[in-house]
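Enquirer: A predicted structure for the sequence below; I have some questions about it.
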Amino acid sequence: MIKSITGTKDILPEDIQRWNFLESIVEKVFASFNYKEIRTPVFEETALFARGIGEATDIVGKEMYTFIDRSETSITLKPEMTASVVRAFVEHSLGTKQPLNKLFYISPMFRQERPQAGRFRQFHQFGAEAIGSNSPLLDAEMIQMAFDIFKLLGLKDVSVKINSLGVPESREKYKELLRNYLFDKKDNLSEDSRMRFEKNILRIFDSKIECDREIMKNAPLLIDYLDEESKNDFEIVKEALTRGNIPFEIDPKLVRGLDYYTKTTFEIVSEKVGSQSALCGGGRYDLLIEQLGGKPTPGVGFAAGIERILLACENEKAFSIPESSIDLYITRLDKELEKFVYDIASYFRRENFIVEIDYLDRSVKAQMREANKLGSRYVLFAGGEEFQNGLLNLKNMADGIQKTFDKNNLEEIKNYLKK
Ligand code: HAM
C-alpha cells in the first residue's frame with residue numbers, strides 16, 4: 001500500500017469542520033480590518049526565497065523542497081508566503097494601483113523539517129501583509145488581528161512576545177558588539193552556534209542548547225542599542241497594544257528565523273502545545289520589497305500555523321463543533337421508487353435543504369436508522385398504500401408528529417419544512 005509522505009497529513013471529513021470554523025473566523029477578522037485575499041502559486045523560482053528569506057537561514061539552507069524541473073529551472077515549493085506576496089506585489093505593480101495594499105492568505109507551505117507534534121512538512125498558514133506604510137500602528141494591527149482570531153477561537157493560554165530588531169545600521173553596530181562579546185567564548189559554543197557566529201550571529205539567541213544559553217545569558221541585547229526611530233516606533237506599538245488590552249511581554253532575545261525583518265518583530269506562543277509553541281510570528285520588513293526588485297516600500301505582516309493552533313484549541317478545549325445534521329431523509333419502500341425519490345430529493349436540494357436518500361438498497365428499517373444517525377430533522381416516506389393513494393408521509397423526528405402531503409405538491413412540503 002502506498003502511504004502519505006512523512007510529515008504530511010490528510011484532513012479527513014471528521015476533521016474538516018474544525019478547519020472550516022477556524023478559516024471562517026480568520027476571514028471574518030481579516031475582512032473587518034479590510035484585508036483582501038491573495039492567492040499565489042504553490043511553487044516559485046528558488047531564487048525568490050533564497051534572496052527573500054536569506055541564504056544563511058535554516059529555511060533556505062536546510063528545509064526547502066527544491067528541485068530542477070524538466071526545463072532546467074530551479075523550483076521551490078513555498079516555505080512561507082511573504083516572499084511570494086512581495087513578488088506578486090512587485091510583478092503586478094500593486095503599489096501604483098493603491099498606496100497601501102492590505103492582503104491576507106490561507107495556504108499550504110512546505111518545509112523539510114524533522115516532523116514532530118505541531119511540526120509538519122506540509123503545513124498551513126493564514127497570514128496578512130500590509131505593504132506601503134511605515135506606520136507602527138500597522139505593526140500593532142497585525143498583533144491585534146492575530147490576538148482577536150485566537151480569542152474568537154476561545155484560546156486563553158497565549159502570550160504575545162515583542163521585540164525590535166532596529167534598522168540595518170543600528171543592527172550592524174550591535175552585531176559588532178555581540179561579536180566582541182562572544183569572541184573569546186566562541187570555542188565553548190555548540191557547533192551550530194559556532195557556525196552561526198560566522199554566518200548569522202543573532203540566531204545564536206535561538207539556540208536551545210544549555211552551553212549556548214549560558215553564554216548568551218549575559219550577552220548585550222539589541223534592544224538596548226536601537227536607533228531613535230526604531231525606539232520611537234516600538235513605543236507606539238507598545239502603547240497601542242496597551243490601549244487595545246493586549247497583554248504582551250518584551251522578549252529581547254526574539255530574533256526570528258527569517259532575515260528580512262526590520263524594527264518590530266513578534267510571536268504569539270501557546271503554553272499548551274509542547275515544544276513547537278509558536279502559534280504565529282511576524283514583523284516589519286521595510287527593505288524586502290526593494291531587495292526583490294521593487295521600489296523602496298515598507299511592509300509588515302505575520303503568519304500563523306493552522307495545525308498548531310488547532311492542536312492548542314484541542315488541548316485547551318477552546319471550541320466545540322456542533323454535531324452535523326441534515327434537514328430531510330427520504331426513505332422508500334420499493335426499489336421502483338428509487339428514481340422518484342432521487343427526483344424529489346433534487347427538488348428539495350435546489351430549495352437549499354440538506355437532503356439524503358438511500359443508494360444501498362437498504363430496508364426501510366435500515367434507512368430509518370441511517371436517518372437517525374445523520375440527525376435528520378424530518379423523514380419523508382414513500383411507499384405502501386399511502387403512496388398508491390397519492391400521498392407522502394412526513395415525520396418530525398424531534399416530536400414524532402406525522403403529517404401526510406399530496407405527492408404532487410412538493411411546494412406544500414417545502415413551505416412546511418421552512419416553518
Ligand atoms: P514563521 O515564523 O517561519 O514566519 O512561520 C509562522 C508560523 O507558521 C509559525 O509560528 C508556526 O505556527 C507555523 N509553522 C512554521 N513552520 C511550521 C511547520 N514545519 N509545521 C507546522 N507549522 C509551522 C513566517 O513564515 C513569516 N512569513 C511570517 C511573516 C509574515 N512575517 C512577515 N509577514
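Expert: Cool, the structure landed.

Enquirer: residue numbers of the stretch 301-419 of the chain in contact with the ligand?
Expert: Remark: the part of the stretch 301-419 of the chain in contact with the ligand comprises 301, 302, 303, 304, 305, 307, 308, using Cβ under 6 Å from any ligand atom. Heads up, the C-betas are built off the backbone N, CA and C, glycines and all.

Enquirer: of all those, which two lie farthest apart?
Expert: 301 and 307 (19.8 Å; Cβ to Cβ).

Enquirer: compare these two (neighbour count), which wins?
Expert: Neighbour count, other Cβ atoms under 10 Å: between residue 301 and residue 307, residue 301 has more, with 25 against 20.

Enquirer: could you check how far that one is from residue 86?
Expert: Counting by Cβ to Cβ, to the nearest Å, the gap from residue 301 to residue 86 is 9 Å.

Enquirer: now list whatever residues contact both of those two.
Expert: Taking Cβ atoms under 8 Å, 6 or more residues apart in numbering as the criterion, residue 301 and residue 86 both touch residue 129.

Enquirer: so residue 353, which of the three states?
Expert: Under DSSP: H, G, I helix; E, B strand; the rest coil, the three-state class of residue 353 is coil.

Enquirer: surely it touches residue 328?
Expert: Yes - counting by Cβ atoms under 8 Å, residue 353 does reach residue 328; the two are 5.4 Å apart.

Enquirer: more neighbours, these two?
Expert: Comparing residue 353 with residue 328 by other Cβ under 10 Å, the one with more neighbours is residue 328, at 25 against 18.

Enquirer: got a list of what residue 189 touches?
Expert: By Cβ under 8 Å, 6+ apart, residue 189 lies in contact with 182, 197, 204, 211, 212, 215.

Enquirer: give me the buried subset of those.
Expert: 182, 197, 204, 212, 215 (16 or more other Cβ atoms under 10 Å).

Enquirer: ok, so of those, who is nearest residue 266?
Expert: The closest of the buried ones among the contacts of residue 189 to residue 266 turns out to be residue 204 (Cβ to Cβ; 20.2 Å).

Enquirer: related to what we said a few turns ago, dump the residues of the stretch 301-419 of the chain next to the ligand to JSON lines, plus pLDDT.
Expert: Putting those into JSON lines (pLDDT from 0 to 100) gives the following:
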{"residue": "301", "pLDDT": "98"}
{"residue": "302", "pLDDT": "98"}
{"residue": "303", "pLDDT": "98"}
{"residue": "304", "pLDDT": "98"}
{"residue": "305", "pLDDT": "98"}
{"residue": "307", "pLDDT": "97"}
{"residue": "308", "pLDDT": "97"}
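
Enquirer: if we can go back for a sec, joint contacts of residue 353 and residue 328?
Expert: Counting by Cβ under 8 Å, 6+ apart, the residues touching both residue 353 and residue 328 are residue 417.

Enquirer: returning to what we had before: mark which of the residues of the stretch 301-419 of the chain next to the ligand are part of strands, please.
Expert: Members of those lying in strands (criterion: DSSP state E): 301, 302, 303, 304, 305.

Enquirer: so the residue of the stretch 151-300 of the chain found nearest the ligand: helix, strand or coil?
Expert: Closest contact between the stretch 151-300 of the chain and the ligand, by Cβ to the nearest ligand atom, is at residue 281 (3.3 Å). The assignment at residue 281 comes out as strand when based on three-state DSSP.

Enquirer: for it, give me its contacts.
Expert: Neighbouring residues of residue 281 by Cβ under 8 Å, 6+ apart: 256, 265, 266, 267, 268, 302, 303.

Enquirer: nearest to residue 76 among the residues of the stretch 301-419 of the chain next to the ligand?
Expert: Checking those against residue 76 by Cβ to Cβ gives residue 303 as the nearest, at 16.9 Å.

Enquirer: circling back to that earlier point, possible to save the buried ones among the contacts of residue 189 as TSV with secondary structure and pLDDT?
Expert: Converted to TSV, these look like this (DSSP: H, G, I helix; E, B strand; the rest coil; pLDDT from 0 to 100):
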residue	secondary structure	pLDDT
182	helix	96
197	helix	94
204	helix	95
212	helix	95
215	helix	96
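
Enquirer: strands along the stretch 201-350 of the chain, start to end?
Expert: Assigned by DSSP state E, counting those that start in this stretch, the stretch 201-350 of the chain shows strands spanning 248-250, 262-270, 278-284, 299-305, 328-332.

Enquirer: just to revisit the earlier point, could you find which two of the contacts of residue 189 are furthest from each other?
Expert: 197 and 211 (13.3 Å).

Enquirer: C-alpha coordinates for stretch 388-395, CSV please?
Expert: Extracted in CSV, the C-alpha atoms of stretch 388-395 (Å, rounded to 0.1, in the frame of the first residue of the first chain):
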residue,chain,number,x,y,z
GLN,A,388,-50.7,4.4,-4.1
ASN,A,389,-53.3,6.9,-2.8
GLY,A,390,-51.0,9.7,-4.0
LEU,A,391,-49.6,10.6,-0.5
LEU,A,392,-46.3,11.0,1.2
ASN,A,393,-45.8,10.8,4.9
LEU,A,394,-43.6,13.3,6.7
LYS,A,395,-42.3,12.7,10.2
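
Enquirer: which residues of the stretch 201-350 of the chain score low on pLDDT?
Expert: Within the stretch 201-350 of the chain, no stretch falls below the threshold (pLDDT under 70).

Enquirer: and the helices in it?
Expert: Counting by DSSP state H, counting those that start in this stretch, the stretch 201-350 of the chain has helices at residues 210-216, 228-243, 288-291, 306-316, 338-350.

Enquirer: give the contact list for residue 272.
Expert: 157, 312, 315, 316.

Enquirer: which of the residues you listed are buried?
Expert: For the contacts of residue 272, a burial check counting by 16+ other Cβ under 10 Å picks out 312, 316.

Enquirer: what is the nearest of the contacts of residue 272 to the ligand?
Expert: Each of the contacts of residue 272 was scored against the ligand by Cβ to the nearest ligand atom, and residue 312 proved nearest at 9.8 Å.

Enquirer: and for the closest one, nearest residue in space, chain neighbours not counted?
Expert: Of all residues not flanking residue 312 in the chain, residue 270 sits nearest, at 4.1 Å (Cβ to Cβ, 6 or more residues apart in numbering).
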